[in-house]
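Student: Take a look and give me a structure for this.
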Amino acid sequence: MKKEAIDNQVAELVEQVTLPLSADAKGRMLSGIARVEPTRVKPRRRLIAIAVGAAVVLFALGFVPLPAGSAKGALTRAMAAIEQLRTRHTIQQSWDEQGNEYLTETWNASDGFLRQDELKGDKLSHVWIEKGAWSLSFDVLEDGKLRAFGDFDPLGAYYQQHQVKLPLPEQSADMVGDTFTFLKSVDAYKNVTINEYQERTLWGGAINIAEVETDHGAPGHGQKWRFEIDPTTDRVMKEVFYVSSGTEEIWKEKSETYYEWDAPIPDSARDFAIPAGTKLTRDLWWQHKIDKVVAKAATPNGEVILHDVQVDNEGTIIATVSTQSIIPQFVVEDNLGNKYCSGNFNTFLGSQIGNNRETGIYHAFLTIPIAKTAGDSGEIPSSATFTFHPLGEEASNDPVAVLKDVPLPARQPLSMKEIRQKDSEVIQY
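Tutor: Numbering: from 1, shown residues only. This is a model prediction of the structure:
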């Protein structure tokens, strides 16, 4: 009985943060989706159940999609149309290898806002929000506990400060597996096939179909997308994603996504209220350092800025850096002659990386450990020269930038991990 009471309490809290779907959204999506073929769906699926139900009725009445000729260039026009749009709303059904079903609702906009709600079965399991300089991850754990993690995003802060407006495919590149970002580079994959045609139903509706298929260079590992595009507006209305398995290229449906474009994002989506009982951990590392400048130098692509320098209990230098060049490698020599070198990307303590969509230039915010490689005088150094190289190039190559006589703070009695965790806070709601 105690577990049942806890489950009921968690359900009530989760219901408070689950977004209601507007009647307008249902109507707009339904009017577009009703013209397409029926799809599999299980009960209790909010908008998808309504829309697919309408499609099934049309199918039962004999309104079957029929071929209606070519739709050459439909996908290219759809990609171009997306560049002009300001908001995107999607609802996606997906299935994992064990047959578990997931429902994901996503809002994102050209002002950098992103919200994604994930339901496993009928229960909310995860919420992800990006809003300006902050991102928030909220999870309902298996034991019913509520956890949230907040991160200050310096790249998001830059976009907010400069009021950068982002084309949707670029803005959504931070979403893992974003279809439209992938399609921009689809020509890089082997054996890509694009088939475009139009379907017409007996009730008079017409829709453009674009099918993209690639095998990623390995038989039995193919991927295929079917896009259903409004021929009047060139907007994608629905996407079905398949993967192939085995040498016989048997296609298995993995997800169905329904699109709504340029719909107003409701305040209830933008203003997420963390429910009572949630333990929130906030990472404040970059918030405390973004406006600090210890040293800076010009590079061919822009500036490299050293925002903060700390030294851990083993003498490793921890450098917090922003750069508009590729991921940097630092070679350091202190005033006592000791030498240091940063490792590869896997050794970094944290990073926010992306392309500056305003200028097209690479932009990275990094926290880099720089370990001692030679020398140990036993004395404590007071300054150092930081030489900046593109990652992977030998230190003997011409440096991109040099930061001279950078003051080194006193060594702390803390490990790298403890120094990193010091700039965080925990809040119990």
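Student: which parts of the strand of greatest length in the chain are buried?
Tutor: Looking across the chain with DSSP state E, the single longest strand is strand 361-374. Neighbour counts over strand 361-374 (16 or more other CB atoms under 10 Å) mark Tyr362, His363, Ala364, Phe365, Leu366, Thr367, Ile368, Pro369, Ile370, Ala371, Lys372 as buried. For every residue, glycine as well, the C-beta is placed using N, CA and C.
Student: From the contact counts, what lies against the helix or strand following it?
Tutor: Per DSSP states H and E, the first helix or strand lying C-terminal to strand 361-374 is strand 383-390. Contacts defined by 3 or more CB pairs under 8 Å, 6 or more residues apart in numbering; DSSP states H and E place strand 383-390 against strand 295-299, strand 317-323, strand 328-334, strand 401-407.
Student: State the mean pLDDT of the first one.
Tutor: Read it as strand 295-299. Looking at strand 295-299 alone, the average pLDDT works out to 89.
Student: just the angle between it and strand 317-323, please?
Tutor: Relative orientation of strand 295-299 versus strand 317-323 (axes from the mean of the first three to the mean of the last three CA atoms, to 10 degrees): 40 degrees.
Student: Counting by contacts, list what the helix or strand that strand 295-299 is followed by packs against.
Tutor: Downstream of strand 295-299, the first helix or strand assigned by DSSP H and E is strand 302-311. Applying 3+ CB pairs under 8 Å, 6+ apart, we find strand 302-311 packed against strand 295-299, strand 317-323, strand 401-407.
Student: Out of those strands, which is closest to Tyr158?
Tutor: Closest to Tyr158 of the helices and strands packed on strand 302-311 is strand 317-323 (CB to CB; 8.9 Å).
Student: where along the stretch 201-350 of the chain do the helices fall?
Tutor: Counting by DSSP state H, counting those that start in this stretch, the stretch 201-350 of the chain has these helices, from start to end: 267-270.
Student: Below-threshold pLDDT in it: ranges please.
Tutor: Scanning the stretch 201-350 of the chain for pLDDT under 70 picks out 201-204, 216-220, 246-249, 327-328, 344-350.
Student: and if we set it to 50?
Tutor: Scanning the stretch 201-350 of the chain for pLDDT under 50 picks out no residues.
Student: out of the helices and strands packed on strand 302-311, deepest packed?
Tutor: strand 317-323 (a mean of 24; mean count of other CB atoms under 10 Å).
Student: Give the partner strands of that one in its sheet and their orientations.
Tutor: strand 302-311 (antiparallel), strand 361-374 (antiparallel) (DSSP bridges).
Student: That one vs strand 401-407, what angle?
Tutor: 140 degrees.
Student: what about the stretch 51-200 of the chain, any weak spots by pLDDT?
Tutor: In the stretch 51-200 of the chain, residues with pLDDT under 50: 57-58, 61-63, 172-177.
Student: Would you mind splitting the chain into its domains for me?
Tutor: 2-283, 295-415 (automatic domain parsing).
Student: buried residues in stretch 132-141?
Tutor: With burial defined by 16+ other CB under 10 Å, the residues of stretch 132-141 counted as buried are Ala133, Trp134, Ser135, Leu136, Phe138, Asp139, Val140.
Student: Restricted to strands, list these.
Tutor: Going by DSSP E, the strands hold Trp134, Ser135, Leu136, Phe138, Asp139, Val140 from the buried residues of stretch 132-141.
Student: ok, so of the buried residues of stretch 132-141, who is nearest Val293?
Tutor: Nearest to Val293 among the buried residues of stretch 132-141, with distances taken as CB to CB, is Ala133, at 18.1 Å.
Student: Now for the closest one: which residues touch it?
Tutor: Phe152, Asp153, Pro154, Gly156, Ala157, Gln160, Gln287 (CB atoms under 8 Å, 6 or more residues apart in numbering).
Student: Pull up the gap between it and Gly112, please.
Tutor: 9 Å (CB to CB, to the nearest Å).
Student: Give me the common contacts of the two.
Tutor: In contact with both Ala133 and Gly112: Gly156, Gln160, using CB under 8 Å, 6+ apart.
Student: list the helices and strands the host helix or strand of Leu103 packs on?
Tutor: Using DSSP H and E, Leu103 falls within strand 101-109. With contacts taken as 3+ CB pairs under 8 Å, 6+ apart, strand 101-109 sits against strand 87-95, strand 114-120, helix 168-171.
Student: Extract the C-alpha trace of the first one and format it as CSV.
Tutor: It stands for strand 87-95. Written as CSV, here are the backbone C-alpha positions of strand 87-95 (Å, rounded to 0.1, in the frame of the first residue of the first chain):
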residue,chain,number,x,y,z
THR,A,87,9.1,27.3,-34.6
ARG,A,88,8.8,23.5,-34.9
HIS,A,89,6.5,21.2,-32.9
THR,A,90,6.8,17.5,-33.3
ILE,A,91,5.2,14.4,-31.7
GLN,A,92,7.1,11.2,-32.2
GLN,A,93,6.3,7.5,-31.5
SER,A,94,9.3,5.2,-31.4
TRP,A,95,10.1,1.6,-30.4
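Student: Partner strands of that strand, with direction?
Tutor: Strand 87-95 has these strand partners (DSSP bridges): strand 101-109 (antiparallel), strand 250-261 (antiparallel).
Student: thinking again about what came up before, and of the helices and strands packed on strand 302-311, who's closest to Ile274?
Tutor: strand 317-323 (27.9 Å).
Student: Please work out the angle formed by the directions of that closest one and strand 328-334.
Tutor: Going by the same axes, to 10 degrees, strand 317-323 makes 140 degrees with strand 328-334.
Student: now the angle from strand 317-323 to strand 383-390?
Tutor: Using the same axes, to 10 degrees: strand 317-323 against strand 383-390 is 50 degrees.
Student: re the thing from before, nearest approach to Arg235 belongs to which of the helices and strands packed on strand 101-109?
Tutor: Once the helices and strands packed on strand 101-109 are compared by CB to CB, strand 87-95 is nearest, at 10.1 Å.
Student: Tyr158 should be in a helix, yeah?
Tutor: Yes. Secondary structure assignment places Tyr158 in a helix (DSSP: H, G, I helix; E, B strand; the rest coil).
Student: I'd like to know how many residues surround it.
Tutor: By other CB atoms under 10 Å, the residues close to Tyr158 number 19.
Student: so it makes contact with Ala364?
Tutor: No. Between Tyr158 and Ala364 there is no contact, the gap being 11.4 Å when judged by CB atoms under 8 Å.
Student: circling back: what is the most widely separated pair among the contacts of Ala133?
Tutor: It's Gln160 and Gln287 that sit farthest apart of the contacts of Ala133, by CB to CB, at 12.9 Å.
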